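Chemist: Give the three-dimensional model of this entry:
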Amino acid sequence: MSKTLLSRIKPLHTLKPTPSQFRVPPHLKNLINETIQILKTHPQWPDSLETRFYDEETRVSEIAHYVFERIHDVELGIKFFDWVSKQEPQHFPLNGLAYSSFLKLLARFKLFSEIETLLENMTMEEIKPTHEALSFVIRVYADYSFVDKALELFYYVIKIYRSVPNLFACNSLLNSLVKFKKVEIARKVFDEMVVRDGCVDNYSVCILVKGLCNIGKVEEGKKLIEDRWGKRCVPDVVFFNTLIDGYSTKGDVQGANELFKKLKMKGFLPTLKTYGAMINGFCKKGDFEAIDRLLKEMKEMGVAVNTQVHNTIIDAQYKHGFEVEVTETIKQMIESGCEPDVVTYNTLISGLCRDGKVWEAGQLLEQAKKRGLIPNKISYTPLIQGYCRAGKYLVALDLLIEMSERGHEPDLVAFGALVHGLVAAGEVDAALTIRHRMVERGVFPDAGIYNVLMNGLCKKGKFSAAKVLLAEMLDQNVPPDAFVYATLVDGFIRNGDLHEAKKLFKIMIEKGMDPGVVGYNAMIKGFCKFGRMKEALLCVTRMIEAHVTPDEFTYSTVLDGYVKQYDMGGALRMFGQMVKRKCKPNVVTYTSLINGFCRSGDFNMAKNAFKEMQSCGLEPNVVTYTIFIGSFCKEGKLAKAVFYFELMLSKKCMPNDVTFNYVVNGFTNSPGAILDIQFLEKKSLFLESFNMMISDGSARRAAVYNSILLCLCQTGMTRIALQLKDKMMNKGFLPDPVSFAAFLHGICLEGKSKEWRNVISNDLNEQQLQTALKYSQLLNQYQPYGITSEASLILQTLIKHCSYENQAKDLKVSVK
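Modeler: I've put the predicted structure just below:
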């Protein structure tokens, strides 16, 4: 098989003038050359040409097409065309060849409006362009992305010549259609090529196959190749690469792998593109073992891995949750002969920012600049977002300025990231300043940015400023979307202005907007907040009539509204309706029900709801536990409150200040209510330690605080315990032996027994240390089997040391 047949066909990128299909008669050659010379050198060439052709038998119109073929000055060509068109138009008009040659001249210089005008004139004068000229114009249109014009001319050629344009024109059109994702139209053009002339080659097939693969129709592309075998279509590695890439992009790694094996069986050597496509497929799947095998095979085959392949692998590692060692990755790339490019650094920077390692990402940006790489928008935007999330919005602002100074005008994404970050950090005024800078630079906020700003203003209670923004938005012809209105509705409801919220919601409906589930939920929340349950239900009905399906938030909001109105019947009806409509209740739903039962004193029903939510796989949250704890404390059933408090800690659910206040006030204000410990199924560290402290003479408030600290440290929440200690000290409670024992125990459980002095101070005397040891030993009794704390050993050592010091002091006194 010849090398020509097996060669990979490439498109022609450089447009060259096509020589005329007619030979120049010898007797005209000198006349044509003279005409061109006069045009180029005579300032008054019209007069000179009239003189030259005065006694000439050949008219200037008869050689015009030869002149247009050879002239390389389009401005001069246009003037010559206008002049020659006026020379005896009745007797010696320009023919189709002249028009066609002039058409090609205009196309060579991409004068598209002039081409349109000329084609219209030719149609009016019934002058038929040559097949060659139309093919050339189609090719130019397609190569310069005027795909609709090229397509229009394609069908015009078929209409007047009953054949398709030449192969180069057809391939250019196919390529342009695929580029603009008009694959179905490309398929029709291809079919016309096959039916009309059969003028289809490897490149034609490859273009269409690539297009089909791009839209996921890989099997159709594969069948197309098989159907064209031997019909000016010879199988080569390019076809395999295109299909393998199609399968990989689609996520069908198995299909890609089968073709990969078939390629090698047919004797083709995989190229870098082949391996790159396969690696891309395995990257999507996250099969890094297969990637390692391919990289090893590439090395054995002498195929060097390029930077693009490395970048694909790095990006996949981040997407599949792998930890990427940045320094090692860059080092390996350089050692393999690949220079990291700006895409490499952008991928690493984005990954580090996603992992919260913004400082390291910033250092990486500096490294990229030192290597001579020019950062772009994609380099800066993740850093701006990352610094905003970290609350370092001034650093983010500096990056935005640097980005501008480097010639990369921040776009909507970059500005949006900064605005969103500032609002999230609570810096709404700074975000508004950025919005002003955006507008100054000609970048106008979209509905999303206005929504973020309004949301921030509403949360700050600045509703008048939010309304001003809405007015500005309308002035800028930025139509508010449903999210903007929902944000404002929610803001007014938060501010207690239900009337204004209803007005906005009505405007949204009147404008024909779909409020969506978010908008309806905001309005329903407002009605429920003000106890207007009939209106809330009416809103739910309208929501369903508008084909917007209520979600768990909708039902939970209405249910909670009934609970706050002490209407448990209504709450249970809403719960039943929720289940009937197959909307799965969530933690908020069950928590609202539990709150309702507790408020009405029906603790058995509350406990049943608690068990049911757990059986549904839902974990109670801090609000759920706090409702139980607060309700039992108010009823004086402290042992039951302690049960839920200790259960909460055992489930690693962190209590909040409300939880602590309920427990402290419950035990402080109910001195005789701690005797109901028979309710508990197992021993309680809280109650046992509390009773011990009361027996030791501690004040009730101090005893309950210390019992909380002991339980927190015992369950691995030492950090929360230390935060609570600081709040206690602000209220006048000083650390004592029990709290010291608790903190030491917690620190040791975290494996930091040698660092305890860096966390807590020790000013206890020997007697106080003995008390601390007593409670440390109590904590040991509640340790899971096989787990021990070094706290008791540390305390014993401190007691011995204190005892030796006391003995030494006594000895000094006796000597004196």
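Chemist: which stretches of the protein have low pLDDT?
Modeler: Low-confidence segments of the chain, defined by pLDDT under 70: 1-23, 89-92, 198, 228-235, 671-681, 786, 788, 806-816.
Chemist: ok, 50 please
Modeler: For the chain, the stretches flagged by pLDDT under 50 are 1-21, 674-675, 815.
Chemist: Now for the closest residue to D287 other than its chain neighbours: which residues touch it?
Modeler: Computed as CB to CB, 6 or more residues apart in numbering, the closest residue to D287 that is not its neighbour in sequence is V253, at 7.2 Å. Bear in mind the C-beta positions are built from the backbone N, C-alpha and C, glycine included. Applying CB atoms under 8 Å, 6 or more residues apart in numbering to V253 gives the contacts 247, 281-282, 284-285, 287.
Chemist: rerun at 10 Å
Modeler: Applying CB atoms under 10 Å, 6 or more residues apart in numbering to V253 gives the contacts 247, 260, 278, 280-285, 287, 290.
Chemist: Could you do R700 as well?
Modeler: For R700, the contact set (CB under 10 Å, 6+ apart) comprises 664, 667-671, 674, 690, 693-694.
Chemist: what would those look like in JSON lines with neighbour count?
Modeler: Output for the contacts of R700, formatted as JSON lines (neighbours: other CB atoms under 10 Å):
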{"residue": "V664", "neighbour count": "18"}
{"residue": "F667", "neighbour count": "26"}
{"residue": "T668", "neighbour count": "15"}
{"residue": "N669", "neighbour count": "12"}
{"residue": "S670", "neighbour count": "17"}
{"residue": "P671", "neighbour count": "9"}
{"residue": "I674", "neighbour count": "19"}
{"residue": "F690", "neighbour count": "23"}
{"residue": "M693", "neighbour count": "23"}
{"residue": "I694", "neighbour count": "17"}
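Chemist: Just these: which are in helices?
Modeler: 664, 667-669, 690, 693-694 (DSSP state H).
Chemist: Can you show me the helices along the stretch 1-150 of the chain?
Modeler: Shown for the stretch 1-150 of the chain, the helices assigned by DSSP state H, counting those that start in this stretch span residues 3-6, 26-41, 45-52, 60-70, 74-85, 96-108, 112-124, 131-143, 147-161.
Chemist: TSV please, covering those helices and showing mean neighbour count and distance to K634.
Modeler: Shown next, in TSV, are these (neighbours: other CB atoms under 10 Å; distance: least, CB to CB, whole Å):
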stretch	mean neighbour count	distance to K634
helix 3-6	9	88
helix 26-41	14	104
helix 45-52	15	107
helix 60-70	21	99
helix 74-85	17	92
helix 96-108	24	88
helix 112-124	15	82
helix 131-143	24	79
helix 147-161	17	74
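Chemist: closest to E427 out of the ones you listed?
Modeler: Closest to E427 of the helices of the stretch 1-150 of the chain, according to CB to CB: helix 147-161, at 47.2 Å.
Chemist: Between helix 147-161 and the next helix or strand along the chain from that closest one, find me the angle.
Modeler: Once the chain leaves helix 147-161, the next helix or strand it forms, by DSSP states H and E, is helix 167-179. Following axes from the mean of the first three to the mean of the last three CA atoms, to 10 degrees, one obtains 140 degrees for the angle between helix 167-179 and helix 147-161.
Chemist: rewinding a little: tell me the two of the ones in helices among the contacts of R700 that are most distant?
Modeler: The largest separation in these, counting by CB to CB, is between N669 and M693 at 17.3 Å.
Chemist: quick one, phi/psi of K182?
Modeler: Backbone torsions for K182, taken as degrees, to the nearest 10, come to phi -100, psi 60.
Chemist: Where does the residue nearest to M568 when sequence neighbours are not counted sit, in terms of helix or strand?
Modeler: Of all residues not flanking M568 in the chain, G596 sits nearest, at 5.1 Å (CB to CB, 6+ apart). Using DSSP H and E, G596 maps to helix 587-599.
Chemist: What are the buried residues along stretch 781-793?
Modeler: 782, 789-792 (16 or more other CB atoms under 10 Å).
Chemist: Take the ones in helices among the contacts of R700 and lay them out in JSON lines including distance to L105.
Modeler: Output for the ones in helices among the contacts of R700, formatted as JSON lines (distance: CB to CB, whole Å):
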{"residue": "V664", "distance to L105": "93"}
{"residue": "F667", "distance to L105": "98"}
{"residue": "T668", "distance to L105": "99"}
{"residue": "N669", "distance to L105": "100"}
{"residue": "F690", "distance to L105": "100"}
{"residue": "M693", "distance to L105": "102"}
{"residue": "I694", "distance to L105": "106"}
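Chemist: tell me what the helix or strand harbouring L422 is packed against?
Modeler: Take DSSP H and E as the rule and L422 turns out to sit in helix 412-424. Counting contacts by 3 or more CB pairs under 10 Å, 6 or more residues apart in numbering; DSSP states H and E, helix 412-424 packs against helix 377-389, helix 393-405, helix 428-440, helix 447-459.
Chemist: For those helices, give me CSV that also has mean neighbour count.
Modeler: Below are the helices and strands packed on helix 412-424 laid out as CSV (neighbours: other CB under 10 Å):
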stretch, mean neighbour count
helix 377-389, 23
helix 393-405, 17
helix 428-440, 17
helix 447-459, 22
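Chemist: Of all those, which one is nearest K110?
Modeler: Of the helices and strands packed on helix 412-424, nearest to K110 by CB to CB is helix 377-389, at 30.2 Å.
Chemist: Generate a markdown table for the buried residues of stretch 781-793, with distance to Q37 as supplementary columns.
Modeler: Shown next, in a markdown table, are the buried residues of stretch 781-793 (distance: CB to CB, whole Å):
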| residue | distance to Q37 |
| --- | --- |
| Y782 | 109 |
| S789 | 105 |
| E790 | 105 |
| A791 | 107 |
| S792 | 111 |
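Chemist: Of these, which pair is most distant in space?
Modeler: So, the buried residues of stretch 781-793 by CB to CB: farthest apart are Y782 and E790, at 16.0 Å.
Chemist: coming back round to it: and the helix holding L422, what's buried?
Modeler: For helix 412-424, burial by neighbour count (16+ other CB under 10 Å) applies to 414-424.
Chemist: what's the offset of it from the middle of its chain?
Modeler: Centroid separation between helix 412-424 and its chain, computed with CA atoms, centre = their mean, to the nearest Å, is 14 Å.
Chemist: same question, stretch 740-747
Modeler: In terms of CA atoms, centre = their mean, the centre of stretch 740-747 is found 44 Å from the chain centre.
Chemist: Ok, stretch 493-509 next?
Modeler: 32 Å.
Chemist: List of residues touching that stretch?
Modeler: Residues external to stretch 493-509 that are found in contact with it (CB under 10 Å, 6+ apart): 458-459, 461-463, 466-467, 470, 480-482, 484-492, 513-516, 519-520, 522-523, 525-530, 532, 535, 539, 542, 546.
Chemist: now do 7 Å
Modeler: With contact meaning CB atoms under 7 Å, 6 or more residues apart in numbering, stretch 493-509 is reached by 458, 461, 463, 482, 485, 488-489, 492, 515, 519, 522-523, 525-526, 529-530.
Chemist: separation between T549 and R581?
Modeler: 8 Å (CB to CB, to the nearest Å).
Chemist: For the stretch 501-650 of the chain, which segments count as helices?
Modeler: Using DSSP H, counting those that start in this stretch, the helices of the stretch 501-650 of the chain run over residues 516-529, 533-545, 552-564, 568-580, 587-599, 603-615, 622-634, 638-650.
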